[in-house]
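> kindly return the folded structure for what I paste below:
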Amino acid sequence: MTQNFWAVPTRRGLEKMAAAQADGRKMVFTHMAVGDGNGTTPAPDEEQTALTRETFRAELNSLRVDDNAPCQIIAEMVIPADVGGFWIREVGLIDSDDELIFVGTCAPSYKPLLSEGSGRTQRITMIVAMSSAGNVELKIDPSVILATREYVDEAVKKAGSSGISLAGSRKVYAGGTALFQITDYSDWAVWSEQVSAGQVMRIGADVAVVVPEDTPAGSHITLTLTRDGRQATFELDVAAPAIDAPVWSSPTTGSTDISLTPTLHTEGFTCHPDGHDWHQQSDWQVATDEAFTDVVWSSMADGEHLTQITLPADTLSVNTRYFARVRFRGASLESGWSEKLVFTTVSEMINTPAILSPSDGQEGVGWMLTLYAGAFSTTPASADTHASTDWQISYSPDFYGDSGGVLDVMGDTQNLTKLVVPDDTLSQGNTFYVRVRFHGVKHTSAWSPVVRFSTRERFYPQFVVDTLCPDAGNPHGYGRDVAMSGDSSVMVLSPFPSKARQLAVYQYSYPNWQLVARPETAGAVSGEDEAAMAVAVSRDGKIIVAGVPNASDNGTGKGALYLYDNRSGSGWESIRGTLLAYPETVTGYGRSVALSGQGETVVTGCGGESAWALSAEDNWSSPVALTPPLSRSGAGVGGWRGVAVSDDGQKVVLAETGGNQAHVMENQGGTWQHVATLCPAGVQGNNTLQVAASADLSVIVLSAPENRTLHIFTDSGSGPEETQVLNWTDFCDITDMRIPGGGISLSADGSLLLADFIAGGGALLARQADGLWHKKTEVYGSGFASSDDATRGWYVASALSSSADTVLTASVLYGSYTAGGDDTERVKAWVLR
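The predicted structure follows:
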């Protein structure tokens, strides 16, 4: 008779059985699996390592030696009634190493689901022959045993007529407490209980067995329950302490359309006995095969992601089936691997976007913020098109569920990868979280990784934190001009015209600025006009330049430039001024000065038609004339009172005095070329134009004091164009000042403008989200009001740090001075933050 259904040992099974017989080891069988043969009934093959197509796997329900054939073992699994919807054509027996030892074929049968109108608990039995059944460990986890009819019949025989049944795992742990419940408990019965070792307690139907700590693993404890004189005994197997294998919580196995960056979740850590060990690490693996021979990603001994982890980008492929597993590690134990999680990725998707700016952890963000996201992309390429974007800012990293709380811009079709945060959205001195999500025509991406940033403690410098008042025997004080480094660590004050030729150099030393040097700008005192009219500090705070347009040191009495170089870091105290080279035929050399970011380029505006640039490349020894086309020439030219230079030293702005226009020049291959003329609209009269510029000269501001206007020029790539005119009366209610807007300063990014007005103060104007400028606040050092003696006048000078967090402002009386009067209170400089 032809044998249609049979089982054979696999090659790996033969190897393991031979090894077990040779060294006396026990083989441990733990699971059985069934499969549908992929639609056919396959013949068992010893080369198999897995079923043709596995449909269900479970721990063994029973394992025993055949009473009629001692070399045969009988393994049994039970398929519950709520599992089904597949055919059974093949069966396998699996050992504790998760390897297929026996594979067999069986008569095809369909296992229905209850939802299909028919359901049953189905038992699968596999009988296999071994050379010695004594090499098999016949031990089954009692917690997974399902009650087959034979089991029930046998249990009834053992229980006799006691009528006692007990729910709870028969596996207990040394040092632990096992809990059971009498399922047929009655308050009317008389109960007693005892154990062969340890302690037992009962409250109503609940029974607790305390297992002694020194109970060896593999031993047994007998629990005896007596009801109305009738006994029932239950054998409890003592196991070694163990960590339960993790249980998946999401996604569910068999899920499809899973993203390429899924988050895997497990249930919590469970150890037996409770408290014996604690969760320290987890091992995560994702593979393309059930045997995990092709592991595409893993995170082993991961102490950060204990019960959930998000797979990184570029790990998974689209439309691919994957298998995941995880195990827990404690301080001394580790669990077995979890059941395999099977999932299939999406066939196409929008790749998860990323926030490019601000950067994660960025600090000191100002009131004006632009969010930037990475480019829209899909897998596979061109699978969708970018339709809209969701932007969120929150105080909480979990975004209160779905709401940002600070900013929620959803379905934005205009700002797809860039969003200017509206003015007054952010508050100062707070931490925020931002994320972005893309919508396509067909799909929606996952939220980007969350980016954290924090804002400045104060958006605008408003509070006086220090007062700078050098004595130097100079009753008219310091502050004719002021300058500071980009980080505000170095500050320089020039003296008001007097017999003092010393600058005042301050350096920050917590908690304030200390006067560290008074470098001289000339030799012997020869006249009170030989004081510095203009000073500049490089953005890095290493170089100071002073312009003395009336100095006689150059032998002509027509001005000089002095440079102080602290790039060696030896300190300003030991540095002496270097007299820079000067042209022979100029007047007012040093009337205005500007420095590039690293101090490599010096620009000075002089009297008449003259302006000059000097470079560190030749040790500032060869001044180069800057000759833009002037609006007028000859005696009417008032010189250059306003100059600015870009951080890289390759562009300069020169503002005419009396000409009512400014010029942009660029160093092109070693030659300075005129590239633009700036003509502020509506400016008339004899204005002493002042200029301020951003670090790259993309924003240039001209002040026309006589017209009481500020003119904003913006360069978007095609040259500077006037974009806004600000009238002083629109943002300042002080109308009787002598020189409104006499000095202006601009932050390095061109977003904050300080325009001087009266008595050591100014107006702070901010560039808003709409691209226009608006007044934000007023800053004062002295607090003097316009009711002071205006006929004596005020000279105002201010400077702004690169990040606009610090203001240095000075107010100096330039009228008559009365010895012994209170004028000394008016000759100070103030630091505001």
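> show me where pLDDT drops low in the stretch 551-700 of the chain?
Where the stretch 551-700 of the chain drops to pLDDT under 70, the residues are 552-557, 573-577, 584-585, 608, 631-639.
> would you state the strands of the stretch 501-650 of the chain in chain order?
With DSSP state E, counting those that start in this stretch as the criterion, the stretch 501-650 of the chain has strands at 504-509, 512-517, 534-537, 543-548, 560-565, 578-579, 592-595, 601-605, 611-615, 624-625, 640-645.
> what residues of the first one count as buried?
Translated: strand 504-509. For strand 504-509, burial by neighbour count (16 or more other CB atoms under 10 Å) applies to 504-508. Quick note: C-beta positions are derived from backbone N, CA and C, even for glycine.
> who does it touch, helix- and strand-wise?
strand 490-495, strand 512-517 (3 or more CB pairs under 8 Å, 6 or more residues apart in numbering; DSSP states H and E).
> how far off strand 543-548 does that strand point, in degrees?
If you take axes from the mean of the first three to the mean of the last three CA atoms, to 10 degrees, strand 504-509 sits at 160 degrees to strand 543-548.
> cool, the second one as well?
Per the same axes, to 10 degrees, the angle that strand 512-517 makes with strand 543-548 is 60 degrees.
> now the angle from strand 512-517 to strand 560-565?
120 degrees.
> ok, strand 512-517: who's next to it in the sheet?
Strands that pair with strand 512-517, judged by DSSP bridges, come out as strand 504-509 (antiparallel).
> state the mean pLDDT of the strand it pairs with.
In this model, strand 504-509 has an average pLDDT of 87.
> distance check, the closest residue to residue 772 other than its chain neighbours against residue 681.
If the residues on either side of it in the chain are set aside, residue 772 comes closest to residue 724, at 5.7 Å by CB to CB, 6 or more residues apart in numbering. Taking CB to CB, to the nearest Å as the measure, residue 724 falls 10 Å from residue 681.
> neighbour count: the two, which is higher?
Between residue 724 and residue 681, counting by other CB atoms under 10 Å, residue 724 is the more crowded of the two (14 against 8).
> now that one: which helix or strand?
Using DSSP states H and E, the element containing residue 724 is strand 720-727.
> what packs against the next helix or strand after that strand?
Downstream of strand 720-727, the first helix or strand assigned by DSSP H and E is helix 728-731. Applying 3+ CB pairs under 8 Å, 6+ apart, one finds that helix 728-731 contacts strand 773-780.
> what's in contact with stretch 263-272?
Outside stretch 263-272, the residues within contact range by CB atoms under 8 Å, 6 or more residues apart in numbering are 173, 176, 239, 241-244, 246-251, 277-279, 284, 306-311, 324, 326, 328, 330, 333, 338, 341.
> rewinding a little: which of the helices and strands packed on strand 504-509 sits most buried?
Of all those, strand 490-495 has the most neighbours on average by mean count of other CB atoms under 10 Å, namely a mean of 27.
> between it and strand 560-565, what angle do the directions make?
Orientation of strand 490-495 against strand 560-565 (the same axes, to 10 degrees) gives an angle of 150 degrees.
> quick one: strands adjacent to strand 490-495?
strand 478-484 (antiparallel), strand 504-509 (antiparallel).
> next helix or strand past the worst-scoring helix or strand of the chain on mean pLDDT?
Ranked by mean pLDDT, DSSP states H and E, the weakest helix or strand in the chain is helix 149-159, scoring a mean of 45. Later in the chain than helix 149-159, the nearest helix or strand by DSSP H and E is strand 166-167.
> same question for the next helix or strand after that next one, mean pLDDT?
Under the assignment DSSP H and E, the closest C-terminal helix or strand after strand 166-167 is strand 171-173. On average, the pLDDT along strand 171-173 is 89.
> ok, back up a step: what would the strands of the stretch 501-650 of the chain look like in CSV with distance to residue 84?
Below are the strands of the stretch 501-650 of the chain laid out as CSV (distance: least, CB to CB, whole Å):
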stretch, distance to residue 84
strand 504-509, 77
strand 512-517, 80
strand 534-537, 82
strand 543-548, 83
strand 560-565, 87
strand 578-579, 93
strand 592-595, 82
strand 601-605, 83
strand 611-615, 86
strand 624-625, 90
strand 640-645, 81
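> between the ones you listed, which gets nearest to residue 421?
Nearest to residue 421 among the strands of the stretch 501-650 of the chain is strand 640-645 (28.8 Å), distances taken as CB to CB.
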